[in-house]
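Chemist: Build me a structure from this.
(one chain, ligands or ions: 1)
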Amino acid sequence: MTDAETDPQDAIDATAGRAERDSRVYEHSAGDGQEGIPFIGAGPGDPKLLTVAGRELVEAADLVVHAGSLVNSELLEEYCAEAETVSSIGKDLEELIPLMRDAYEDGENVVRLHSGDPAIYGAALEQMDALEHEGVPTYFVPGVTAAFAASATLRTQLTLNEVSNHVAFTRPQGKTLDADEDHIAEFVEMGDVTTCVYLGTHAVAETMDRLLDQGHDPETPVAVVYHASWPDEDVIEGTIATIGDRVEDAGYRASALVIIGEAVAGDGYERSYLYDGWASRGSDDAETEADD
Ligand SMILES: C[S@@+](CC[C@H](N)C(=O)[O-])C[C@H]1O[C@@H](n2cnc3c(N)ncnc32)[C@H](O)[C@@H]1O
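Modeler: Purely as a prediction, here's the structure:
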């Protein structure tokens, strides 16, 4: 244990079977500034893809605890050159929580910057619960997740009329997921799902081999977008049969988003109902519901 007043694990354990919903859920919208430490999505890399709300908070910060290499150092230099910046890489909760708590209690403006959106493979909630347990309020500020940057780069949609009706954000088996918790094959099997694989750059070849072994169509399109929105962004395209070798040749082992499915190509779709006169003829909620 360090100088944290309570063990962060106790705070996490205490969330099990939470008796009541936090009243802040009903008092604030996602765009509101709130009291406490904001957990901000820095976006995929390009500083321009940080939200306005996130940028204002980062600009006012005294201490920025950030997620390391996937938070672009240009963003830190551009928006918070005067602030103290600390990378969370290699630090455990027992170190991070007192660091943020003490600075906050000393009256500093503290922000926590996660890459992309903190709600996707961000492990934000355990930090927030531990801080709240220490009496430090926290809240989320959303960001642009890597899959959205990658689809913009590919000039396609993740949902595409008559091609893909669903999107899966997933990761491959490994240290965190056992083989039976890896659902990539099931999503691909569904056919009309765009499968966005995070944390899988090092395992593209193995993942594709598993899909081939299970009899999935080798011609299914796959794109791998390395460092989406960064100056060194790279796009590798292929199929379930070819992409593994192409990624190995390129030498990428991290920091790429793997997108599997017919929507990758951005073709073969049908005109949507929305711009086909249907919305104006339909029910009251047609305009808001029919947006593909
Ligand atoms: C720990 S997860 C964090 C994801 C992040 N919270 C998000 O919403 O994008 C890290 C993984 O996200 C993906 N990733 C993050 N930023 C990326 C980018 N700019 N381009 C491609 N993939 C990215 C990679 O798959 C990487 O292994």
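
Chemist: Identify the structural domains in this protein and state their residue ranges.
Modeler: For the chain, the domain assignment from automatic domain parsing gives the residue ranges 8-144, 147-265.

Chemist: Make TSV out of the ones you listed and add distance to Asp276.
Modeler: Where C-beta positions appear, they are placed from N, C-alpha and C, glycine not excepted. Shown next, in TSV, are these (distance: least, CB to CB, whole Å):
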stretch	distance to Asp276
domain 8-144	29
domain 147-265	10
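
Chemist: Make JSON lines out of those domains and add mean pLDDT and mean neighbour count.
Modeler: Compiled in JSON lines, these are given as follows (pLDDT from 0 to 100; neighbours: other CB atoms under 10 Å):
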{"stretch": "domain 8-144", "mean pLDDT": "95", "mean neighbour count": "18"}
{"stretch": "domain 147-265", "mean pLDDT": "97", "mean neighbour count": "18"}
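
Chemist: helix, strand or coil for the residue nearest to Glu270 when sequence neighbours are not counted?
Modeler: What sits nearest to Glu270 in space, not counting adjacent residues and going by CB to CB, 6 or more residues apart in numbering, is Glu162, at 4.0 Å. Glu162 falls in the coil class when you classify it by DSSP: H, G, I helix; E, B strand; the rest coil.

Chemist: how far away is Glu162 from Ala150?
Modeler: Separation of Glu162 from Ala150 (CB to CB, to the nearest Å): 22 Å.

Chemist: Give me the residues contacting stretch 61-73.
Modeler: Applying CB atoms under 8 Å, 6 or more residues apart in numbering, the contact partners of stretch 61-73 are 42, 45-47, 58, 76, 80, 83-89, 96, 99-100, 103, 108-116, 230, 255.

Chemist: contacting residues for His216?
Modeler: 185, 188-189, 240.

Chemist: go on, Glu189?
Modeler: With contacts taken as CB under 8 Å, 6+ apart, Glu189 has the following neighbours: His216.

Chemist: is it true that it lies in a strand?
Modeler: No: counting by three-state DSSP, one finds Glu189 to be helix, located in no strand.

Chemist: So it versus the ligand, what's the distance?
Modeler: From Glu189 across to the ligand, the span is 22 Å (CB to the nearest ligand atom, to the nearest Å).

Chemist: next one: Leu125
Modeler: Separation of Leu125 from the ligand (CB to the nearest ligand atom) stands at 12 Å.

Chemist: mind checking the SS state of that residue?
Modeler: When classified by three-state DSSP, Leu125 comes out as helix.

Chemist: what do you get for Leu113?
Modeler: Secondary structure assignment for Leu113 (three-state DSSP): strand.

Chemist: and if you look at Leu257?
Modeler: When classified by three-state DSSP, Leu257 comes out as strand.

Chemist: Isn't it up against His227?
Modeler: No: in terms of CB atoms under 8 Å, Leu257 does not count as a neighbour of His227; the distance is 9.5 Å.

Chemist: Next, show the common contact partners of the two.
Modeler: Overlap of the contact sets of Leu257 and His227 (by CB under 8 Å, 6+ apart) is empty.

Chemist: thinking again about what came up before, wait, which of the domains of the chain is closest to Tyr275?
Modeler: Judged by CB to CB, the one of the domains of the chain that comes nearest to Tyr275 is domain 147-265, at 10.3 Å.

Chemist: so how far is the first residue of that closest one from its last?
Modeler: Here the two ends of domain 147-265 are set 15 Å apart, with distance taken as CA to CA, to the nearest Å.

Chemist: same deal with stretch 201-217?
Modeler: End to end - CA to CA - stretch 201-217 spans 21 Å.

Chemist: do stretch 240-254 as well
Modeler: End-to-end distance of stretch 240-254: 19 Å, with CA to CA as the criterion.

Chemist: any idea how far that stretch is from the chain center?
Modeler: Between the centre of stretch 240-254 and the centre of its chain there are 22 Å (CA atoms, centre = their mean, to the nearest Å).

Chemist: Could you list the residues in contact with it?
Modeler: With CB under 8 Å, 6+ apart as the test, stretch 240-254 has contacts from 188, 201-202, 204-209, 211-212, 216-220, 222, 224, 226, 234, 236-238, 256, 258, 260.

Chemist: Alright, I will stop here.
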